[in-house]
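Asker: Output the structure for:
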Amino acid sequence: MVEPARASKRPSRLDAGKERVTAGKARAERLRVRAEATTAGQVQRRVGELEIINQGTILSALAMVLVVPALVSLVAVMPVGSNHGLAASWLHHLSLSPAAQADVRSLFRSNQTVHTGTTAFSAFFTIVSAYAWPAALQRVYVRMWGLSTRGLRDLWRPILWLPSLFVLIAAVAASGSITSGVRGALLTGVVGFPLVLAWTWWTQHLLLSGRVSWRALRAGAVATAIGLIGFSVFNTLYLSGAIVYNSGRYGPLGVVFVLMTWLTAFSLVMLGGALVGHTVWLRAQPADDGATSPTAG
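Answerer: The predicted structure is shown next:
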């Protein structure tokens, strides 16, 4: 009589265990659905849909292949290889240590070498080729907002954006010239945030051909500006040490690797901030008004 009683208890314990597993799976599924319904969940889903990681890598590769040669051509005007000049000042204000600045300068030829090795035509061609970088950024923005491309009518917009980036770097760097290190980066963040916010807002409006209202672009501008300022503070803690370490271990190739990583992170901030802003804008639209348009005017 004892054995059947024990046998009858075993299935009940097994059933109870199965019920707990089933209940746990149900709770996990509810949590997953709830998480996907949040802004963060939707951003994560759209990162995969728009291939943001791949696009950021492509943008950084374009920057290295096209923008860096343009800087090499411009060394005659902005001597990176010397301790003076505008470009050298940028390196200093980007919170690079003296050793890191020296490693970056080693990638560029001297002022005289560039004068003799670069013709005016090749310099012009290299600079124009850098157009592909902001043009790729523009294509992602247009796809993100579900707009159609306009071909040659928007050709001038990426060309205008590229020099605006260097102007922004110079302006923000100047705000951090009062002090260096983390304090300098924080000061740059406080002083430069309004300027960065205005620039990121204008960047989206420019590359989207003014077809999206300023109001719809506001959240993306704020998210991108916060990301760029945080990125600047992170650079203060990481960039110099990474350049010096990789230069000592791998030589100039190590410096190029660090710069490639920096450009990838910058590209991801530019894409991710806009994506967060667009997702926030979509969630703010009335649930029963799927036709609400972000277009301006």
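
Asker: All the strands of this protein, residue numbers only.
Answerer: Taking DSSP state E, the chain contains no strands at all.

Asker: All the helices of it, residue numbers only.
Answerer: Counting by DSSP state H, one finds helices in the chain at the ranges 2-36, 39-49, 52-62, 68-74, 86-93, 98-105, 111-117, 120-129, 132-144, 156-175, 181-207, 214-250, 252-284.

Asker: neighbours around Phe234, how many?
Answerer: Phe234: 12 surrounding residues under other Cβ atoms under 10 Å. (Glycine included, C-beta is placed from N, CA and C.)

Asker: And Leu187, by the same measure?
Answerer: Counted with other Cβ under 10 Å, Leu187 comes out at 16.

Asker: Ala102 too?
Answerer: 15.

Asker: Check the spacing between it and Pro252 real quick.
Answerer: 12 Å (Cβ to Cβ, to the nearest Å).

Asker: ditto for Thr39
Answerer: Where Pro252 is concerned, Thr39 sits at a distance of 43 Å (Cβ to Cβ).

Asker: What lies in contact with stretch 134-144?
Answerer: Defining contact as Cβ atoms under 8 Å, 6 or more residues apart in numbering, one finds that stretch 134-144 is touched by 50, 52, 55, 58-59, 62, 148-149, 154, 157-159, 161-162, 165, 204, 207-208, 267, 270-271, 274-275, 278.

Asker: Selecting buried members of these in PyMOL, what would you type?
Answerer: Here is the PyMOL command that selects only those of the contacts of stretch 134-144 that count as buried (16 or more other Cβ atoms under 10 Å):
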select buried, resi 50+52+55+58+59+62+154+157+158+161+162+165+204+207+208+267+270+271+274+275+278
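
Asker: Before we move on, what's the pLDDT of Val33?
Answerer: The model reports Val33 with a pLDDT of 68.

Asker: Where does the prediction get shaky in the stretch 151-297 of the chain?
Answerer: 173-186, 287-297 (pLDDT under 70).

Asker: buried sites along stretch 220-230?
Answerer: Gly220, Ala221, Val222, Ala223, Thr224, Ala225, Ile226, Gly227, Leu228, Ile229.

Asker: what do you get for stretch 48-68?
Answerer: Under the neighbour-count criterion of 16+ other Cβ under 10 Å, stretch 48-68 has 50, 52, 55-64, 66-68 buried.

Asker: and which of the residues you listed is nearest Ile169?
Answerer: Nearest to Ile169, judged by Cβ to Cβ, of these is Val67 at 11.9 Å.

Asker: pLDDT at the closest one, what is it?
Answerer: pLDDT at Val67 comes out at 60.

Asker: swap in Ala5?
Answerer: pLDDT, Ala5: 50.

Asker: Equivalent analysis for the one 5 residues further on, please.
Answerer: Reading off the confidence values, Arg10 has pLDDT 54.

Asker: Any regions of the stretch 1-150 of the chain where pLDDT drops low?
Answerer: Along the stretch 1-150 of the chain, segments meeting pLDDT under 70 span 1-13, 15-17, 21, 23, 25, 29-30, 32-37, 66-97, 101, 103-129.

Asker: try it again with 80
Answerer: Along the stretch 1-150 of the chain, the parts satisfying pLDDT under 80 run over 1-43, 48, 63-130.

Asker: Now render the buried residues of stretch 220-230 as a markdown table, adding distance to Arg283.
Answerer: Shown next, in a markdown table, are the buried residues of stretch 220-230 (distance: Cβ to Cβ, whole Å):
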| residue | distance to Arg283 |
| --- | --- |
| Gly220 | 13 |
| Ala221 | 17 |
| Val222 | 15 |
| Ala223 | 13 |
| Thr224 | 18 |
| Ala225 | 20 |
| Ile226 | 18 |
| Gly227 | 19 |
| Leu228 | 23 |
| Ile229 | 24 |
